[in-house]
Structures are given as C-alpha cells and as structure tokens.
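J.: Quick one: sequence and predicted model below, then my questions.
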Amino acid sequence: MQRKAYVPGVAALLAALLAGCTGGSDGGATADNSNPGEPGVATEAAEPGKYRTLPEPCGAVGRKALDSLLPGIEEIADEQQREKAYAGEPTLAYDTDRKVGCRWKVESAEATDHLFVDFERVVSYDGSVSDDSEAEQLFAQQVEAADLPEPVVSESGSADDSPSGSPSGSAGDSGEPATGAGGTPSSSSSASSSSSSSSSSSSASPDATPTDVQPRLLDDLGDEAFLDDALSSSGSTAKRRTVTVAFRTSNVMVTIEYAEQSATLGVVPDSEEMQDKARKLASQLADSLGG
C-alpha cells in the first residue's frame, strides 16, 4: 500500500514540475512580445546592407562619360597631361570600404568643367536598425539640406509629376531634360517649351529657373534620388552652374557634382544640358552598382 501511495505522489510532483516549466515558457514568450528590450531576452538582429565594399571611384567613370562631361579633355595636346586628366584625383580616404571619391578638372577655351563623384557605404552600429534604414535616414537629411522647391502645381490643382523620359533612354535622344517626381511638368508642357528653353535661359533672365529643370526629387534612379541646380557668380560676371545628382541604393549613397564656368563673360552654362549629362552618369553608376 505504501508503494502504491508513493508512485502517484512522484507522478504528481513530476506533473507539477512539468506544468511549472511549461508555464514559465509561456510567460517568457509573453515577455518577449511585450518587452523585447529586456535583458536576457533575445532580439532578432537587423538585416545587413546589400553592399560590403565600394567601387574604385576614379575608375567608376568611363572615358566616354568623361569626354561628354569634360569637353576640353580631348583637346589636351600633351598625351601625359591628357592621361592625367582622365585618371582624376582621388579624395583622401581613411577607409575605402566606407567612403571614397574622385575629382576631375579640365579647362578649355570655352569653359572650365569640374566633376566630383562620391560613394558612401552606410553601416548601422545599432543592432536593431538595418544598414538600409540608417542610409535612408541619412539620405533624408541630404534632401532636407538641399531645400528643394515645392512641386509645381498644375492648373487642375494637383502636383504635376509625370515623367517625360529617363536619363539613359528617350530623354537623351529627344533633347528634353530627364525628369522625375517632385515638380516636373507633363510631357505635353515640356514639349511645347523645350525648343526655346535653352536660348531663353541665357538671354532673357540668366537667374530664372524653368519649371522643367528646377531642383526636384527623381523617381527613376536607385531607391530614391534628387537633383539640385544652382547658379552663382564669381568675382567677375562669369557664371558658374553646379548640378548635383544624389541617389541611394540599399546602403550606398552616391553624390555627383558637375560644375561649369564659362570662359566668356555673360554666357550662362546651359542647365538642361548639364542636368542631362549628370543624370546619365548617375544612371550608369547605379547600373554598375546593380541598383
């Protein structure tokens, strides 16, 4: 009789212990869901970024692109100087897997052209924040710093953001500026004004910014992108135009600065032409990154 009483007692004790373990497990699961940040509770690590390295910046821009962006480069008579111009000058970099850049400068009888390309790979040091999310936040700060104008509102009262082409497609063939989101005109309005935009920009009002070439967001480049266009004057009346195209693909941010200053007083570098060249280069770099 004592044996029969003992066995049920052990079974009851084991059952109680098992129930306690099960209850503790359920309680832990509830704590995981409600308090994921508590010590001792495992949290899922954020996904790493797509890119672990960066391209060699001075080699990222091909000769054909440099011929287009820096017209005077082919006119350099001395072969060594011409090769040096093509090679560019890398910017100082302490970690070539995190941030690299390259500069080019070419003078000609018509103008002085500058090109700067910068690559930055973003890495999050917060285990709960992905590299992509960190890069998205940093790019948003760049957009805010650019202080882009409000999108153009059409007569119907809605923002007009109809793209009329891409930097590597019909935009380059038609001669119209590549367009994007954030205030670009419709294709019909672009077509009606494209034939006169180049001449009027330098003769009527050099400082005026036509709506089809104003600084704006772009929707056909990387994960997100924007274009800025600034016209400034040096100590003389020579005008210097700087076109900036910046884009993000995954955890890499790319910035292109393309500037031109005319050698002739009163001549304004053409905004539409410079934007088209800069956007084509940006498209090529995005393709080379696989983004």
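T.: Great, that's in hand.
J.: how's the protein carved up into domains?
T.: The chain breaks down into these domains under automatic domain parsing: 1-43, 57-289.
J.: least reliable of these going by mean pLDDT?
T.: Comparing mean pLDDT over the domains of the chain, the weakest stretch is domain 1-43, at a mean of 45.
J.: Show me where the protein has its helices.
T.: Along the chain, counting by DSSP state H, helices occupy 2-34, 57-60, 63-69, 79-87, 131-146, 170-174, 187-203, 271-289.
J.: counting contacts, what elements does the second one pack onto?
T.: Applying 3 or more Cβ pairs under 8 Å, 6 or more residues apart in numbering; DSSP states H and E, one finds that helix 57-60 makes contact with strand 89-90, strand 99-107, strand 111-121. Glycine gets a C-beta too; all of them are placed from N, C-alpha and C.
J.: how close does the residue nearest to Val106 when sequence neighbours are not counted get to Asp118?
T.: With Cβ to Cβ, 6 or more residues apart in numbering as the criterion, Val106 has its nearest non-adjacent residue at 4.1 Å, and that residue is Leu70. Taking Cβ to Cβ, to the nearest Å as the measure, Leu70 falls 17 Å from Asp118.
J.: who has more neighbours, the two?
T.: The neighbour comparison of Leu70 against Asp118 (other Cβ atoms under 10 Å) goes to Leu70, with 27 against 17.
J.: Isn't the more buried one up against Glu107?
T.: No - using Cβ atoms under 8 Å, Leu70 is not in contact with Glu107, being 9.6 Å away.
J.: how close does Ala46 sit to Ser232?
T.: Ala46 is 41 Å from Ser232, by Cβ to Cβ.
J.: Who has more neighbours out of those two?
T.: Neighbour totals were compared for Ala46 and Ser232, and Ala46 leads with 16 against 11 (other Cβ under 10 Å).
J.: for that one, what are its contacts?
T.: Under the criterion of Cβ atoms under 8 Å, 6 or more residues apart in numbering, the neighbours of Ala46 are 124, 126-131, 133.
J.: what sits against the nearest residue to it once chain neighbours are set aside?
T.: Residue nearest to Ala46 in three dimensions, not counting chain neighbours: Ser130, with 3.9 Å by Cβ to Cβ, 6+ apart. Going by Cβ under 8 Å, 6+ apart, Ser130 touches 46-49, 124.
J.: What of Pro215?
T.: 146, 148-149, 209, 226-229.
J.: For the residues you listed, name the two members farthest from one another.
T.: Comparing all pairs in the contacts of Pro215 by Cβ to Cβ, the longest separation belongs to Thr209 and Phe226, at 15.0 Å.
J.: Comparing these two, which residue is more hemmed in?
T.: Using other Cβ under 10 Å, the more surrounded residue of Thr209 and Phe226 is Phe226, with 22 against 15.
J.: Wait, that one touches Asp220, no?
T.: No - with contacts counted by Cβ under 8 Å, Phe226 stays clear of Asp220, the gap being 12.0 Å.
J.: how many neighbours does the nearest residue to Arg248 once chain neighbours are set aside have?
T.: Spatially, and ignoring its direct neighbours in sequence, Arg248 is nearest to Phe139 (4.4 Å; Cβ to Cβ, 6+ apart). Other residues lying near Phe139 total 21 when counted by other Cβ under 10 Å.
J.: show me what contacts Phe139?
T.: If you count contacts by Cβ under 8 Å, 6+ apart, Phe139 has them with 224, 246, 248, 253.
J.: go with 7 Å
T.: By Cβ atoms under 7 Å, 6 or more residues apart in numbering, the residues touching Phe139 are 224, 248, 253.
J.: For those, pick the one with the most neighbours.
T.: Using other Cβ under 10 Å as the neighbour test, the contacts of Phe139 are led by Arg248, with 27 neighbours.
J.: I'd like the distance between Phe226 and Arg216.
T.: With Cβ to Cβ as the criterion, Phe226 and Arg216 are 7 Å apart.
J.: do Arg82 as well
T.: 36 Å.
J.: More neighbours: which of these two?
T.: Legend: neighbour count by other Cβ under 10 Å for Arg82 and Arg216, higher for Arg216 (25 against 15).
J.: Quickly list what the more buried one is bridged to.
T.: Under DSSP bridges, the beta-bridge partners of Arg216 are Leu227.
J.: Do me a favour and get the end-to-end distance for stretch 100-117?
T.: Terminal residues of stretch 100-117 are spaced 9 Å apart (Cα to Cα, to the nearest Å).
J.: again with stretch 44-54
T.: Its first and final residues considered, stretch 44-54 spans 27 Å by Cα to Cα.
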